[in-house]
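# Sequence first, predicted coordinates after that:
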Amino acid sequence: MQHIDSGGALRNFKLTISYDGRQFHGWQIQNNAMTVQEAFQNALSKIIGSDFDLKGCSRTDSGVHANMYCISLKTSHPIADVRLKAALNRWLPLSIAVLDCEEADIDFHARYSCTSKEYIYKIWNTEVRNPFLDGYALHYRYKLDEDMLNSAAQAYVGTHDFTSFCTLDSREKGDMTRTVKAFSVTREGNLVTMKVEADGFLYNMVRIMVGTLLRIQQGKIPVDGIAGIIEKKDRKFAGPTAQPCGLYLNRVNYD
């Protein structure tokens, strides 16, 4: 956490950004790898010094992208929101863009004020890879039946204990219950998109959901097998963790 000077009145900004995750090891600061948070803090220090406290809406994994990511930024610096947006877009790397900047209620928190998040996972589904989607979609060369997978995925919808769909580590403790509001699998030409909205996500949850659907396509898990995997509350029964390249944080919803 950064030190906040007590010279002026404390203000809170809501920043909406997007980023290409290929060169970053996720959002959260790490000692030995570049992250989105570190790049953001480096830019902020050039603009307003050390007078800020930064909170992100989600911990994204290495290589994962964001079409929409929200940050709450507390500072006593008098900079106007329009100037802050322009300055950040000048100093941030080209892989990060600030889409919007506005003053928010002092109690607004990018993570804890969030009511739901939506992720999409992109799969380039044809025999020949697309060089323009390298790092931006999973290349899956075998036939995908999007209608069958969409039907199977409806078992994810609802309030469940998603222990089977989580990589357990020190980040995940306590209640593993999440409410999935919607899950869809659609196709546009060779691009298959899986979209899921929930009130929250466990570590690697979306990527394991995708990996499980791919196992269903391969016939290694029954089409109606997801409900049983949820009931097991055991990671070993779900499919593998899909690669991060196809995953995007797509929307962050607030009241």
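Cool, got the structure. Owing to the predicted nature of the structure, the values given are computational and were not obtained by experimental measurement.
# shaky segments in this protein?
Scanning the chain for pLDDT under 70 picks out the ranges 1-7, 169-173.
# all helices for the stretch 151-255 of the chain, in order.
Secondary structure of the stretch 151-255 of the chain (DSSP state H, counting those that start in this stretch): helices at 205-217, 226-232.
# which residues touch the shortest one?
Yep, that's helix 226-232 we're talking about. If you take CB atoms under 8 Å, 6 or more residues apart in numbering as the criterion, helix 226-232 is touched by 152-153, 155-156, 160-162, 164-165, 212, 216, 221, 237-238. For every residue, glycine as well, the C-beta is placed using N, CA and C.
# Who wins on neighbours among the residues you listed?
Phe165 (31 neighbours; other CB atoms under 10 Å).
# who touches it in this structure?
Neighbour list for Phe165: Leu202, Asn204, Met205, Ile208, Met209, Thr212, Ile229, Ile230, Arg235, Ala238 [criterion: CB under 8 Å, 6+ apart].
# quick one, helices of the stretch 1-150 of the chain?
Assigned by DSSP H, counting those that start in this stretch, the helices in the stretch 1-150 of the chain fall at 36-48, 81-91, 146-153.
# my guess is Ala110 meets Met68, correct?
No. Contact criterion CB atoms under 8 Å: Ala110 and Met68 do not qualify, at 11.6 Å.
# Now for these two: what residues contact both?
Common neighbours of Ala110 and Met68 (CB under 8 Å, 6+ apart) are Val252.
# Looking at these two, which one has more neighbours?
Using other CB under 10 Å as the criterion, Ala110 and Met68 rank with Ala110 on top: 22 against 18.
# I'd like the distance between that one and Asn250.
16 Å (CB to CB, to the nearest Å).
# Max pairwise distance over the contacts of Phe165: which two?
Between any two of these, the greatest separation by CB to CB is 15.5 Å, found for Asn204 and Ile230.
# Comparing the helices of the stretch 151-255 of the chain, which comes out most buried?
Of all the helices of the stretch 151-255 of the chain, helix 205-217 has the most neighbours on average by mean count of other CB atoms under 10 Å, namely a mean of 23.
# residues making contact with that one?
The contact list for helix 205-217, computed with CB under 8 Å, 6+ apart, reads 61, 119, 121, 140, 142-145, 148-149, 152-153, 156, 162, 164-167, 178, 183, 185, 194, 196, 221-223, 225-226, 229, 235, 238-244, 246-247.
# what does stretch 58-68 give?
Residues from elsewhere that reach stretch 58-68 (CB under 8 Å, 6+ apart): 16-22, 24-28, 33, 36, 69, 99, 111, 117, 120, 135-136, 171, 201, 203-204, 207, 243-245, 247-252.
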